[in-house]
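>>> one predicted model, sequence on top.
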Amino acid sequence: MNRIIFIFLLFINPLQLYAEEIGSVDTVFKFLGSNHKIIVEAFDDPKISGVTCHLSRAKTGGISGSLGIAEDKAEASIACRQIGPIKLPLKIQNGEPVFSKKTSLVFK
């Protein structure tokens with residue numbers, strides 16, 4: 001249940017922090033425009049050091065995807081790993097979103 005809520009918050013929160021693109025894999029060839037692909041991104045929480053989250057998500061290709069008007073599927077996978085000593089700030093809110101990415105054309 002918590003995972004579903006986290007993924008839901010991942011796609012509706014207007015705050016988007018910088019995510020580093022690690023790589024991508026083409027999944028469907030498109031003759032015109034870019035190919036459909038799966039993108040893997042990594043991002044760090046700016047308030048809690050020592051944790052990196054990796055997000056894999058689908059990116060729609062084709063002509064509409066190249067122009068930025070295609071809607072990407074809201075299917076994603078996330079994994080967070082400890083990469084060093086975890087340092088918590090004095091005040092931290094429970095359930096605060098770390099990252100979000102909008103996939104809808106209407107709400108971009």
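Looks like it arrived, so ask away.

>>> going forward, measure contacts and count neighbours with C-alpha atoms only.
Fine.

>>> got the contact list for the nearest residue to Thr60 once chain neighbours are set aside?
Counting by CA to CA, 6 or more residues apart in numbering, Thr60 lies nearest to His36, which is 4.9 Å off, once chain neighbours are set aside. Neighbour list for His36: 26-30, 58-62 [criterion: CA atoms under 8 Å, 6 or more residues apart in numbering].

>>> try Lys30
Taking CA under 8 Å, 6+ apart as the test, what Lys30 contacts is 36, 61-62.

>>> helix, strand, or coil at it?
Secondary structure state of Lys30, per DSSP: H, G, I helix; E, B strand; the rest coil, is coil.

>>> do Ile63 as well
Recorded secondary structure, Ile63: helix (three-state DSSP).

>>> I'd like to know how far the nearest residue to it once chain neighbours are set aside sits from Glu41.
Counting by CA to CA, 6+ apart, Gly33 is the residue found nearest to Ile63 once chain neighbours are left out, at 4.5 Å. As judged by CA to CA, to the nearest Å, Gly33 and Glu41 stand 22 Å apart.

>>> same question for Ala70.
20 Å.

>>> swap in Lys73?
16 Å.

>>> same question, Ser77
Taking CA to CA as the measure, Ser77 falls 11 Å from Glu41.

>>> the two: who's more crowded?
Looking at Ser77 and Glu41 with other CA atoms under 10 Å, you find the greater number of neighbours at Glu41, namely 18 against 11.

>>> what helix or strand is that one located in?
Secondary structure from DSSP states H and E places Glu41 in strand 36-44.

>>> and the very next helix or strand once past that strand, what other elements does it pack with?
Proceeding C-terminally, strand 36-44 gives way to strand 49-59 as the next helix or strand, assigned by DSSP H and E. When contacts are defined as 3 or more CA pairs under 8 Å, 6 or more residues apart in numbering; DSSP states H and E, strand 49-59 packs onto strand 36-44, strand 76-87.
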